[in-house]
Structure formats: structure tokens, C-alpha cells
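Trainee: When you get a sec, could you give me coordinates for this:
(one chain, ligands or ions: 1)
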Amino acid sequence: SKARVEALRREINHHNYQYYVLDQPTITDAQYDQLMQELLRLEERHPELVTPDSPTQRVGGQVQRGFSSVPHKIPMLSLGNAFGEGDLREFDRRVRSYLPGEEVKYVVELKIDGLAISLWYEKGLLVRGATRGDGELGEDITINLKTIRAIPLRLTQEVPFLEVRGEAYMPKDSFVRLNEAREEAGEPLFANPRNAAAGSLRQLDPKITAARNLSVFMYAIGYIEGAKPPSHAESLAWLKELGIRINPDHQVCGSIDEVIDFISQWQAKRYQLPYAIDGMVIKVNSLEQQQRLGTTMKSPRWAIAYKFPA
Ligand SMILES: COc1nc2nc(N)nc(N)c2nc1C
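Mentor: You can find the predicted model right below:
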């Protein structure tokens, strides 16, 4: 039965990855539940066969009394804001003034309207999850983040240490259904998906978090032991290879004109997305150039958020 438990764990984690990370389900919910029931039964009979990355370990048992505060290895800064084309051209001018005569490429990404999180992986295993907090100190919400099936409990490679950052969010249809249920129960409604996601992650009972159908899009390597790919775009591709959920709608742009064009395309179709976005994020693609541009006390010089009109 050790072999059976390992086979079930691998198969369920594969279906989990296909469904929650790639949005490409490979079996029906009923078949998935059947596999989970079998694994739960076997693990109950043989608790010594349970591993930290078993899909049965996603919803921790205990209700927490609170969240401890934990330091980030590198501060999680916030982004400066651009509200129009002029601000974007000003950003481009400033970037190029620090990199005279150099070619600059940008990566433009959707700005998911959720809350920033940080995930720590040691030898490929998820060991910690935290909120951004004040940028220096976050709240340890590992138990709650493990319930999000789009977050892998184990990476495809045993990277010595990797911290990855991104956004936890609640899809629009889950937000509507949640508020309908709260209306029924005479409970106060959430104002928007971001508040609903934040409220769901701050639940002391992980079973409630697990029922809120949260997801994530990760967008940056925060800290890594070992080499990093040379560009941000390649970092995203590598994170995807590790089994981490990356938003597919990002684009490398060779000029600020291309950036402005890409942004206007998404400004027109943002409401077609199954999740809320409040703008776009523009980053210098070369990590070496990012390093040289550095940060102010508050924000990176190599990135800016373009906010859509509310
Ligand atoms: C590099 O720092 C950041 N990058 C980001 N990227 C995306 N796509 N969305 C964000 N909200 C975001 N926020 C920060 C602080």
C-alpha cells in the first residue's frame, strides 16, 4: 500500500496542477473526489505514509488563535503609480536617463486586484506563506495559503531556497456566489473581490479559507539561493516550469509606445477577465539593469503600476 499511496499522491497532485494551475482539467470532479477518498482512507490506516506534499495535507486541522508576524528577507516594496500616457513616458525617460545609450526592454503584466503574498520553498517544499504586511514584516498565513490549490506544495525541482511573490485573489464568480450566500445568511457583504480575498486569508479557521475558492498569480522571484535567469520574462517562464501559476497575459515590449499600445488593449477588455485587475505593471526586463536602477526607500525605480480609471 506504500506504492499505492505514492501513486495516488502523484496522480492527484498531477490532476490538481492541471486543474488549478493550468486551468486544463484532466478528470471529472467525481473521479477526483474518488481518488482523494481512497488516499484519505489509506493515510488514515498508515499515518507513517503521509508526506508534507500530500494533497490531503492542504487543509490543516487546527483553528489558529492569531498570526505571528514574520520578517521578509528583502522588503516587499510598493509600486509608484502612473495614471496616464504622460506618466508612462516620464517613467521611460527616467529609466533611460539611468541607462544612457543602452537598449531597454519592458515586460508589461496585468495588475491583479488581490493581496500580495510571499511563498518560501526549501528544497522544493513549501515551508512558509506570508502577507506583505508593512513590507518589512508580514503575517504568517502558511496554514491558510496551503489550502489554495493553485499553490504547489512541492516544486518540480529541489531548488535549495526560493522565495516567490505574487497576488492571491478571489475570482469574480466566487465573489458573487460568496456574497449571495452571505446575503442569504444575513451576513455583511464584501465590497469587492480584494476585500473578500483578504478576509478569506485572515480566517483563523483554515477550513473556511479552503472553501473560498481563492487562487494566485505569482509574479516575481523575491529571493533565491543560486543563479537567477537573466531577464524577468525568463524568470516567469522558469517559475512556470517549477509548477508555479503565472499569468499568461504578459508581453515583452521594445519601446514605451508598444507598452502604451498593449495597456490600451487591456484597458478595453479588462472586464472580460474572470478576475479583477486594477491596472497593469511595467518592469524593465533585464535583471542586471533592474539591479543598477535599484530602489528608492519606497519603490523600485525599474517598475511602475499603471492604474486604470476606477
Ligand atoms: C516587482 O514588484 C511588483 N510587481 C508586481 N507585478 C504584478 N504583476 N502585480 C503587482 N501587483 C506587482 N507588485 C509589485 C510590488
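Trainee: Tell me who's in contact with residue 152.
Mentor: Residues in contact with residue 152 (C-beta atoms under 8 Å, 6 or more residues apart in numbering) are 17, 21, 126, 242, 243, 244. Placement of C-beta: from N, CA and C, glycine included.
Trainee: who wins for most neighbours among these?
Mentor: residue 244 (25 neighbours; other C-beta atoms under 10 Å).
Trainee: Could you show which parts of the protein are in contact with the ligand?
Mentor: Counting by C-beta under 6 Å from any ligand atom, the residues of the chain close to the ligand are 77, 78, 79, 109, 111, 167, 219, 220, 281, 300, 303.
Trainee: Of those, which qualify as buried by neighbour count?
Mentor: 79, 109, 111, 167, 219, 220, 281, 300, 303 (16 or more other C-beta atoms under 10 Å).
Trainee: can you tell me how far the third one sits from residue 211?
Mentor: Here residue 111 is placed at a distance of 27 Å from residue 211 (C-beta to C-beta, to the nearest Å).
Trainee: Which residues belonging to the helix or strand where residue 14 lies are considered buried?
Mentor: If you go by DSSP states H and E, residue 14 is part of helix 2-16. In terms of neighbour count (16+ other C-beta under 10 Å), helix 2-16 has its buried residues at 5, 8, 9, 11, 12, 13, 15, 16.
Trainee: now, which of the residues you listed sits nearest residue 36?
Mentor: Proximity of the buried residues of helix 2-16 to residue 36, judged by C-beta to C-beta, is greatest for residue 12, which lies at 6.3 Å.
Trainee: need the contact list for that closest one.
Mentor: 32, 35, 36, 39, 55.
Trainee: Okay, it and residue 153: tell me how far apart.
Mentor: Here residue 12 is placed at a distance of 11 Å from residue 153 (C-beta to C-beta).
Trainee: Likewise for residue 61?
Mentor: For residue 61, the distance to residue 153 - C-beta to C-beta - is 16 Å.
Trainee: ok, now residue 240?
Mentor: 17 Å.
Trainee: So for the two, which residue has more residues nearby?
Mentor: In this view residue 240 and residue 153 are compared by other C-beta under 10 Å, and residue 153 has more residues nearby, 20 against 16.
Trainee: Taking the buried ones among the residues of the chain next to the ligand, tell me the two that lie furthest apart.
Mentor: Across those, no pair lies farther apart than 167 and 300, at 16.3 Å, counting by C-beta to C-beta.
Trainee: So which residues of the protein form helices?
Mentor: Listed in chain order, the helices of the chain (DSSP state H) span 2-16, 29-45, 85-98, 142-145, 172-184, 193-201, 206-210, 232-241, 256-269, 287-293.
Trainee: Using PDB, list the CA coordinates for the last one.
Mentor: When you say that, I think you mean helix 287-293. Taking C-alpha atoms only, helix 287-293 is exported to PDB below (Å, rounded to 0.1, in the frame of the first residue of the first chain):
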ATOM      1  CA  LEU A 287      17.500  41.900 -14.100                       C
ATOM      2  CA  GLU A 288      21.000  43.300 -14.400                       C
ATOM      3  CA  GLN A 289      19.500  46.700 -15.400                       C
ATOM      4  CA  GLN A 290      17.000  46.400 -12.600                       C
ATOM      5  CA  GLN A 291      19.900  45.900 -10.200                       C
ATOM      6  CA  ARG A 292      21.600  49.000 -11.400                       C
ATOM      7  CA  LEU A 293      18.400  51.100 -11.300                       C
END
